[in-house]
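Chemist: following is a predicted model, sequence given first.
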Amino acid sequence: MKAEDTTGVKAVHEVGIVKFQFDPEEITVQIGDTVCWVNKEKRQYHSVWFEKSGEPEPDYFFPGETYHKVFSEVGDFPYRCGPHPQMTGMVHVIAADITAEGKVKSEEKPETVSSEDDKSKGQMPATETPEDPCLQFVKPEEVSKP
């Protein structure tokens, strides 16, 4: 199964997979954000399966590969690795006007940030929409070759 369309992505959040664990195990994002799972293992394949939502298990992805999903509704979305059921995680999706701490955002003007600043913070600049938003996270020095 292919990851979902990322048109209109607001932000991209990385979850690493290392030593048979999702890192971080829980993440809070806003509606419209993308979560990108990066397999940083040396030799092991994994999947990101939202089994409780009734979705079929997606294809496995191997070291250096990514899987991404755009979240379009508020809620808590538990997931697990298909071949390794002890690996579990949770995506909490909140409305765009609520912060991760549960507070209502103020009507402040957003800070203007250059593309270079955005990339260093792990955010995708508003003017850039790569075909695969996960690609910005995979750095050769972070991925071990088998």
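Modeler: That came through, no problem.

Chemist: all helices of this protein, in order?
Modeler: Counting by DSSP state H, the chain has these helices, from start to end: 115-120.

Chemist: where in it is pLDDT low?
Modeler: 1-9, 98-133, 135-146 (pLDDT under 70).

Chemist: how near is residue 19 to residue 47?
Modeler: In this view, residue 19 and residue 47 are 17 Å apart by C-beta to C-beta, to the nearest Å. Backbone N, C-alpha and C define where each C-beta goes, glycine included.

Chemist: I meant to write residue 94 there.
Modeler: According to C-beta to C-beta, residue 94 stands 25 Å off from residue 47.

Chemist: again with residue 75
Modeler: Applying C-beta to C-beta, the value for residue 75 to residue 47 is 21 Å.

Chemist: settle it for me: which of the two has more neighbours?
Modeler: residue 47 (20 against 11; other C-beta atoms under 10 Å).

Chemist: just give the number of residues close to the nearest residue to residue 80 once chain neighbours are set aside.
Modeler: Closest residue in space to residue 80, ignoring its immediate chain neighbours: residue 88 at 4.8 Å, by C-beta to C-beta, 6 or more residues apart in numbering. By other C-beta under 10 Å, the residues close to residue 88 number 14.

Chemist: residue 71 contacts residue 28, doesn't it?
Modeler: No. Using C-beta atoms under 8 Å as the test, residue 71 is too far from residue 28 to be in contact (10.5 Å).

Chemist: what touches both of these two?
Modeler: Jointly contacting residue 71 and residue 28 under the rule C-beta atoms under 8 Å, 6 or more residues apart in numbering are 91, 93.

Chemist: name the residues linked to residue 75 by a beta bridge.
Modeler: Counting by DSSP bridges, residue 75 forms beta bridges with residue 93.

Chemist: next: residue 80.
Modeler: Residue 80 forms beta bridges with residue 49, residue 88, as assigned by DSSP bridges.

Chemist: I'd like the numbering to begin with 16 instead of 1 from here.
Modeler: Got it, the first residue is 16 from now on, which makes the last one we talked about residue 95.

Chemist: how much space between residue 73 and residue 112?
Modeler: Using C-beta to C-beta, residue 73 is found at 31 Å from residue 112.
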